[in-house]
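In: heads up, no residue letters with this:
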C-alpha cells in the first residue's frame with residue numbers, strides 16, 4: 001500500500017538521525033580510549049537525546065503543518081495553520097502565505113460563481129417571463145427532436161393531456177413528417193439563414209398549427225437543433241377552406257344561371273315570332289334567373305367580406321429543392337421511378353410538404369396505372385405563373401381518370417390532391433407535351449428567391465467574331481443533318497480578371513450546365529473557382545463577386561481546364577458571345593496540351609439573327625424581351641443557366657422559322673456574324 005510523503009519523510013527521519021548520532025558519539029568516545037561499553041552507552045544516550053529534540057522541535061511541528069495543509073487542500077483553505085516551530089519558522093511563514101493566497105483565490109472563485117449563478121438565474125427569470133408572455137408556443141428541440149425547453153402555451157396548443165415534456169420527443173405530440181421535411185430543408189441550406197413556415201398537425205390530426213422552424217447552431221455554425229414556434233390557425237384555416245368552397249360552389253351555380261339566361265335571350269332574339277305563352281315563359285325564366293343571380297352575387301360578396309384576406313400559410317420554395325426531393329422519394333418507391341429535373345430553376349409560393357406529397361402521389365399513380373418508369377420534372381412560365389410539369393413518354397391521362405386520381409386520399413393526413421390544389425387556388429390537367437410525350441401541369445404563384453436582389457447590369461464585353469466556330473472540324477455532315485433538339489449541349493460561361501485577354505487578363509471562374517433533348521438539366525452542372533495568378537481588379541470584383549481571398553487557395557486553370565474538358569465531352573459547346581469565352585479557355589488549353597474542337601454555338605449571334613432590328617443582344621436584354629426574370633449575383637454558373645434557358649427558347653423560335661437542323665443554324669449564325677460586323681464597321 002502506498003504511503004503518504006509526510007509519513008515516508010518521518011520514517012526516514014527516525015532512522016537516519018539516530019544513526020548519525022550513534023556514529024558521532026562512538027567516534028568521540030573512541031578518541032579518548034573509553035571502553036567499548038561506555039562508548040556504546042554514550043552513543044545510545046546521544047542518539048536518544050538528539051532524536052527526542054528533533055522530534056519535539058522539528059518532527060511534530062512539521063507533522064502538524066502537513067496535516068493542516070491537507071485539511072486546507074481537501075476541505076477548508078481558510079483553516080489556520082499551526083506553528084511550524086523554531087527550526088521551521090520560515091517554512092511555516094511561507095506555508096501561511098501560500099494558504100492565504102489559496103483562501104483568497106477560493107473566495108474569489110466562490111464570489112464569481114455566485115455572481116454568475118445570479119446572472120443566470122436573472123436571465124432565466126427574464127426568459128421565463130418572456131415565454132409566459134408570448135401568445136405563441138415555443139419549443140426548443142435537439143436534432144433528434146428531443147425537447148429541451150417549452151412554454152405553457154405550447155403545452156396547451158398540443159393538448160396538456162398529451163406527453164409534451166423535457167427529454168421526450170416532440171414527435172409524440174406533433175406529426176413527424178413536416179418536422180423532418182423542414183429540418184432537412186434548413187440543414188441542406190444553412191447558409192440561407194432563414195426560417196421555414198409550414199402547417200403541422202398534432203398527433204391524430206386533432207388540430208392544425210401554424211409552425212415556424214429556425215435552426216440553432218454551435219460556435220462553429222454546425223446545426224445543433226431547432227426552435228419551433230407554434231400558433232393555432234386551425235379555426236382560421238377551416239374558415240378559409242369553408243369560404244373557398246362556398247365561393248367555388250357559388251361560381252359554379254352562377255355559370256349555370258348565366259348559361260340559362262344566355263339561352264333564353266338568344267331564343268327571344270332569334271325567334272321573334274314566338275307565341276305569347278312561350279314568350280311569357282322565357283321572360284319568366286329571365287326574371288327568375290336574374291333574381292337568383294342577384295342572390296348569388298350577394299352571397300358571394302358576403303363570403304368574400306368574411307374571408308378577409310385570410311389564406312393557407314405559404315412559403316417560398318425552390319423548384320430545384322422540390323424536384324430533388326421528389327427524385328429521392330420516387331427512387332425508393334415501389335415501383336421505382338427515375339425523376340430527372342429539367343428547365344431553369346424557379347421559385348414558387350406554396351405549402352412545400354403538401355406540394356411534395358402531391359407530386360409524389362401523381363408520380364406513383366403514373367407508375368402504377370400507366371406503367372411510367374421515367375419522368376422529367378420540368379419548369380415553365382405561363383401567364384406570370386410557374387408551371388410544374390411531370391413529363392413522360394406516352395399519351396396524356398384521360399380527363400375522367402385524372403379527376404378520379406384527384407379524389408384518392410394519400411399521406412398521413414389522408415388528404416386528397418383536389419384539396420391540395422384548392423388550397424393553392426390552382427388546378428392540374430394533362431396534355432400533349434411534344435411528339436410522343438405527355439405531361440401533367442400544375443400552375444403556381446411565382447415567388448422571388450429569398451435573400452436575392454436583382455443583379456446590377458454588367459459592363460458589355462467586347463464582341464468577337466470567329467466565322468469558323470460553326471464550321472469546326474467536329475461539324476461533320478452527319479451532325480449538320482441532326483435536329484437541334486436531338487443534340488446534347490454544354491452551355492458555359494467564364495469570368496475573368498478583365499476584358500483584355502490579349503493583355504494578360506485571366507480566367508477566375510468557369511460555370512456550365514447540360515442541355516439534353518431540349519431541356520435544361522439544373523442538377524448536371526460544373527462550377528469551379530480558378531486562381532488567375534494575378535490580382536483581381538475591384539471593377540471586375542464588383543461584377544462577378546470573385547475576390548483575391550476567394551481564389552487564394554483555389555487551383556490554377558491548368559488543373560481546372562482538364563476537368564471542364566471531361567465534363568464537356570463531345571457535346572456542342574454554347575456560350576453568349578462565344579468567341580470571347582472560347583478565347584479565354586483556348587489560351588489555357590494550349591498551355592495544357594488540350595483541344596476544344598467541339599462544335600460551338602453562340603446565343604448572341606442566334607439572337608442577332610432572330611431579332612436583327614434589336615440593338616441590345618446582351619443576356620439582360622434578351623431576358624427582358626423573353627420575359628425572364630434575371631435574379632441573383634452575376635456568376636459563371638448563373639449566366640450559364642440563363643443562357644441555357646435562352647437557348648431552349650431560341651430553339652422554339654428557330655423551328656417556327658424552319659431552322660430545325662444544326663447545319664441550317666450554322667449557316668444562319670455565320671450570316672448573322674458577318675452582317676453584324678459589317679453594321680458595326682459603319
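Out: Nice, thanks for sending it over. The model shown is predicted, which means the values in this text are computed figures rather than measured ones.
In: verify the stated contact: residue 231 with residue 137.
Out: Yes - contact criterion Cβ atoms under 8 Å: residue 231 and residue 137 qualify, at 7.1 Å. Every residue, glycine included, has its C-beta placed from N, CA and C.
In: in terms of neighbours, single out the busier of the two.
Out: With other Cβ atoms under 10 Å as the criterion, residue 231 and residue 137 differ in neighbour count, and residue 137 comes out ahead with 23 against 17.
In: what strand or helix carries residue 439?
Out: Element membership for residue 439 (DSSP states H and E) is strand 437-445.
In: each with direction, which strands does that strand pair with?
Out: Sheet pairing here is set by DSSP bridges, and for strand 437-445 it gives strand 385-393 (antiparallel), strand 429-434 (antiparallel).
In: which stretches of the stretch 551-682 of the chain form helices?
Out: 557-568, 578-592, 603-610, 619-626, 636-656, 662-681 (DSSP state H, counting those that start in this stretch).
In: ok, and which of the ones you listed has the densest surroundings?
Out: With neighbours defined as mean count of other Cβ atoms under 10 Å, the helices of the stretch 551-682 of the chain peak in mean count at helix 603-610, which reaches a mean of 24.
In: now for residue 231 and residue 137: what residues contact both?
Out: When contacts are counted by Cβ atoms under 8 Å, 6 or more residues apart in numbering, residue 231 and residue 137 are jointly contacted by 157, 209.
In: pick the most deeply packed of the strands paired with strand 437-445.
Out: Ranked by mean neighbour count under mean count of other Cβ under 10 Å, the strands paired with strand 437-445 are led by strand 385-393, which reaches a mean of 21.
In: pipe the helices of the stretch 551-682 of the chain into CSV and attach distance to residue 398 and mean pLDDT per row.
Out: Putting these into CSV (distance: least, Cβ to Cβ, whole Å; pLDDT from 0 to 100) gives the following:
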stretch, distance to residue 398, mean pLDDT
helix 557-568, 42, 91
helix 578-592, 46, 86
helix 603-610, 38, 91
helix 619-626, 34, 85
helix 636-656, 28, 91
helix 662-681, 38, 71
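In: please produce CSV containing the strands paired with strand 437-445, extended by distance to residue 486.
Out: Compiled in CSV, the strands paired with strand 437-445 are given as follows (distance: least, Cβ to Cβ, whole Å):
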stretch, distance to residue 486
strand 385-393, 15
strand 429-434, 12
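In: so which of these comes closest to residue 501?
Out: Distance to residue 501, taken as Cβ to Cβ, is lowest for strand 385-393 among these, at 38.3 Å.
In: neighbouring contacts of that closest one?
Out: With Cβ under 8 Å, 6+ apart as the contact definition, strand 385-393 has outside contacts at 319, 322, 342, 346-348, 359, 362-363, 366, 370, 372, 374-381, 433, 436-446.
In: mind running it again at 7 Å?
Out: Outside strand 385-393, the residues within contact range by Cβ atoms under 7 Å, 6 or more residues apart in numbering are 319, 346, 348, 362-363, 366, 372, 374-380, 433, 436-446.
In: ok, stretch 140-150 next?
Out: Defining contact as Cβ under 7 Å, 6+ apart, one finds that stretch 140-150 is touched by 138-139, 164-171, 179, 223-228.
In: try 10 Å this time
Out: 127, 131, 137-139, 151, 154, 158, 163-174, 176, 179-180, 183, 187, 213, 215-216, 222-228, 230 (Cβ atoms under 10 Å, 6 or more residues apart in numbering).
In: please name the residues that touch the most centrally placed residue in the chain.
Out: Centroid-nearest residue in the chain, with Cα atoms, centre = their mean: residue 189, separated by 1.6 Å. Remark: with contacts taken as Cβ under 10 Å, 6+ apart, residue 189 is in contact with 196, 318, 321.
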